[in-house]
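A.B. asks: Dropping the sequence and predicted coords here.
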Amino acid sequence: MKLKRKKSQKLFAEAKTMFPGGVHSPVRAFKSVGGTPLFIIKGEGAHIWDVDGNKYLDFCCSWGPLILGHNNASIRKSVTKTLQNGTSFGTPTPIGNEIGKLILKGNKYLDKIRFVSSGTEAVMSAIRLARGYTGKSKLIKFDGCYHGHVDSLLVKAGSGLATFGVSTSAGIPDSLAKETLVLPLNDLPAVEKTLKKHKDIAAVIIEPVPANNGLLLQDKKYLKALSKLCKQYGVLMIYDEVISGFRVGLHGAAGYYGIKPDLITYGKIIGGGMPVGAFGGKAKIMKHIAPEGNVYQAGTLSANPIALSAGVAMIKTLIKPGFYEKQEKKTKYFVHKILKHTNKKGYTFNIQTIGSIFWLAFSDKRIQRSDEIASESMSKFNMLHSILLENGIYLGPSGYEVGFVSAAHSYKDLDKAVKIMTAALDKVMG
Ligand SMILES: *Cc1c(COP(=O)(O)O)cnc(C)c1O
């Protein structure tokens, strides 16, 4: 039976008359999977409801922030309580100290932190700090890592052997794109060669758990060696943990791998579903931020008390013993059940996973670099996506996006999803 989509279609048509592409963030437009984006009006636990009254089991979870699921009671309570006293003061607030203590206490990966309002803003500020601290200007980034819509990071590798970045968006001056050198993941010699050749590199930025272009899990050995090279060449190591922070463990990928980078950026989970980002790191570097130092960074709504009260409630739940073990166990259960079926059928299919993140890879090899993802596999994902949507399962609308299992997903929800997903995979792969 075809699900009703009439109201979403009507709203999308109207939205297109007001907003570019009808949306406020491009991937929401369903361009890669086709069809009309759903207009969602409610979320509760692991489920969302669209304006036509359809219910979906949600594995997108607002692109990662909702590790506790939708409309979590403790977050709602904390936000509602704070809201009674006003929305913003533009001054320090006690709740700022509260979340600071929750994040920094017993955390050997992070000495100091500053709050901003998005992941992009966090990355942008961390880069400025790295440049201000080192007095150097160039950056190394990796193909297949996303760092928000920061000008100097919306770049890809140039043609041939050139590593100088070419912008992936109009409106970015060549002079700026050229300040970024783009290298493949999982290739240490390329990093060493570049560090040797260019003396003006301020920082190497990486998603230590690359989760924006498939899930391109790197080896701990590689990440360790990367840090060592950075130290050797006097370059800062920046971990972009906007997805992995508070997701693969309380101390993010830094804690997961046991590596302390110079700077770390956060977003998504840290705000409990509110617009929050943060960057932090070693005290000797963070002291260069204004007003203590001369690297300017500011925000009218930075550390907004309502937003932080969501983050506080979130982190108070995450620090409970066993939280992450439980999520990982549940995710493994889900992934293994699907793989048991697809392996038996002999499909060229795999699911790459870490913590409560999973990615459907239409390949039977481990994928660690973006150029190892076959673009043909995306048509398979698109078919799968539309079958799943018809059957009440919501995945992010692109095959390059990862899925998230939240604390609100029950084993019963996952069993149901396995049934629907394996039947859908039979249709796509069989
Ligand atoms: C989402 C994301 C960003 C950008 O965060 P926004 O809040 O969307 O600006 C940056 N880096 C990574 C790794 C992300 O996943």
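C.D. replies: Looks like it came in fine.

A.B. asks: what about the one residue in the stretch 1-150 of the chain that gets nearest to the ligand, distance to residue 207?
C.D. replies: Closest contact between the stretch 1-150 of the chain and the ligand, by C-beta to the nearest ligand atom, is at residue 119 (2.1 Å). From N, CA and C alone the C-beta is placed, and that goes for glycine too. Distance of residue 119 to residue 207, computed by C-beta to C-beta, to the nearest Å: 11 Å.

A.B. asks: Now for those two: what residues contact both?
C.D. replies: Jointly contacting residue 119 and residue 207 under the rule C-beta atoms under 8 Å, 6 or more residues apart in numbering are residue 242.

A.B. asks: Can you pick out the residue with more neighbours from these two?
C.D. replies: residue 119 (32 against 25; other C-beta atoms under 10 Å).

A.B. asks: hang on, the more buried one packs against residue 148?
C.D. replies: Yes. In this structure, residue 119 is within contact of residue 148 by C-beta atoms under 8 Å, at 5.1 Å.

A.B. asks: Find residues that contact each of these two.
C.D. replies: In contact with both residue 119 and residue 148: 242, 267, using C-beta under 8 Å, 6+ apart.

A.B. asks: any weak-confidence spans in this structure?
C.D. replies: 1, 160-162 (pLDDT under 70).

A.B. asks: Spatially nearest residue to the residue nearest the centre of it, not counting backbone neighbours?
C.D. replies: The centroid of the chain falls nearest to residue 243 when counting by C-alpha atoms, centre = their mean (2.9 Å). Excluding the flanking residues, the one nearest residue 243 by C-beta to C-beta, 6 or more residues apart in numbering is residue 211, at 4.6 Å.

A.B. asks: cool, residue 13 as well?
C.D. replies: residue 22 (7.9 Å).

A.B. asks: In contact with the residue nearest to residue 243, which residues?
C.D. replies: Residues near residue 211 by C-beta under 8 Å, 6+ apart: 243, 244, 357, 359, 402.

A.B. asks: Can you tell me which of those residues is closest to the ligand?
C.D. replies: residue 243 (4.0 Å).

A.B. asks: So the residue of the stretch 1-150 of the chain closest to the ligand versus residue 143, what's the distance?
C.D. replies: In terms of C-beta to C-beta, residue 119 sits 19 Å off from residue 143.

A.B. asks: ok, now residue 353?
C.D. replies: Residue 353 is 22 Å from residue 143, by C-beta to C-beta.

A.B. asks: again, but for residue 321
C.D. replies: 39 Å.

A.B. asks: More neighbours: which of those two?
C.D. replies: The neighbour count for residue 321 versus residue 143, taken as other C-beta under 10 Å, is higher for residue 143 (20 against 7).
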